[in-house]
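Colleague: quick one, fold the following:
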Amino acid sequence: MIFGKIDFINLLPFHVFIKRYAQTTQFHQSLHYHKGVPSVLNREFAAHRIDAAFISSITARNCSHFNVGIVAKKEVLSVLSRPNADKDDRDSATSNLLARILDIHGEVLIGDKALRYYYSGGEHIDLGGIWHERTGLPFVFALLCTHHHSNELRRLSLAFVSKKVKIPYYILMEASRKSNLSPAQITHYLTFISYKVGVKELRGYKRFLKEAKAKGLSPSMRKIRYR
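Modeller: Residues are numbered from 1 along each chain as shown. Below you'll find the predicted structure:
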């Protein structure tokens, strides 16, 4: 299996988990990584050059998935709009669209660069927070999607959301070095992220797709497949 890997802090718990999971199953014998930012992995997944990945929500609307994603209950800290001329984040798909749906103007920042800006105290609007204020629903930024390997991905997904993942200190320090965020900042940020896509999260996701379609910001959508 070729797995699309996004090296953002929000997926650090998943990367720790999948490494452990692969070592305890035959999964590791076929697992290979293809790294990229969300917008690149969206294209690679659509072209069937990777088998599974966390795919941006607006792109994942027709994908098979197992109710695992990147979710912000309220604020997210890593998807921001800062005062500036309107500008999309080229690494993103869903976040740029969310800003348009919310009619938020400014420069969209996502991922670790958004976190660095947040923790520097820069003026910003948290897009996840505004979404929750207006809808009362969590926002699903990405879904773990697959073309095949369905049984293995189902087992992996269930195992991942069944218990909290503890991040070893040495991995936390390595993530700190790479991201230029302190271990305390990383730990604090991860309290704003969840991964299980339940009933309320699905309601938020469908609301997002509906509003995107209503505003003409998304192509016509076929039925979403949930497994």
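Colleague: got the contact list for residue 95?
Modeller: 79, 89, 108, 110, 127, 141 (CB atoms under 8 Å, 6 or more residues apart in numbering). Placement of C-beta: from N, CA and C, glycine included.
Colleague: mind telling me what element it is part of?
Modeller: helix 94-101 (DSSP states H and E).
Colleague: mind checking the pLDDT average for the helix or strand just after that helix?
Modeller: As assigned by DSSP H and E, the chain's next helix or strand after helix 94-101 is strand 107-110. Averaged over strand 107-110, pLDDT sits at 94.
Colleague: chain center to strand 107-110: distance?
Modeller: The chain centre lies 15 Å from the centre of strand 107-110; the measure is CA atoms, centre = their mean, to the nearest Å.
Colleague: for that strand, packing partners?
Modeller: strand 79-82, helix 94-101 (3 or more CB pairs under 8 Å, 6 or more residues apart in numbering; DSSP states H and E).
Colleague: average pLDDT for the first one?
Modeller: Model confidence over strand 79-82 averages 96 on the pLDDT scale.
Colleague: can I get it as CSV, trimmed to CA atoms?
Modeller: Listed next in CSV are the C-alpha coordinates belonging to strand 79-82 (Å, rounded to 0.1, in the frame of the first residue of the first chain):
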residue,chain,number,x,y,z
VAL,A,79,-6.5,27.1,9.9
LEU,A,80,-6.4,30.9,10.1
SER,A,81,-7.2,34.0,8.2
ARG,A,82,-4.8,36.9,8.9
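Colleague: quick one: strands adjacent to it?
Modeller: strand 107-110 (antiparallel), strand 125-126 (antiparallel) (DSSP bridges).
Colleague: A strand includes residue 141, no?
Modeller: Yes - checked against DSSP: H, G, I helix; E, B strand; the rest coil, residue 141 lies within a strand.
Colleague: number of nearby residues for it?
Modeller: For residue 141, the count of nearby residues is 30 (other CB atoms under 10 Å).
Colleague: where does pLDDT dip in the chain?
Modeller: Low-confidence segments of the chain (pLDDT under 70): 22-31, 149, 217-227.
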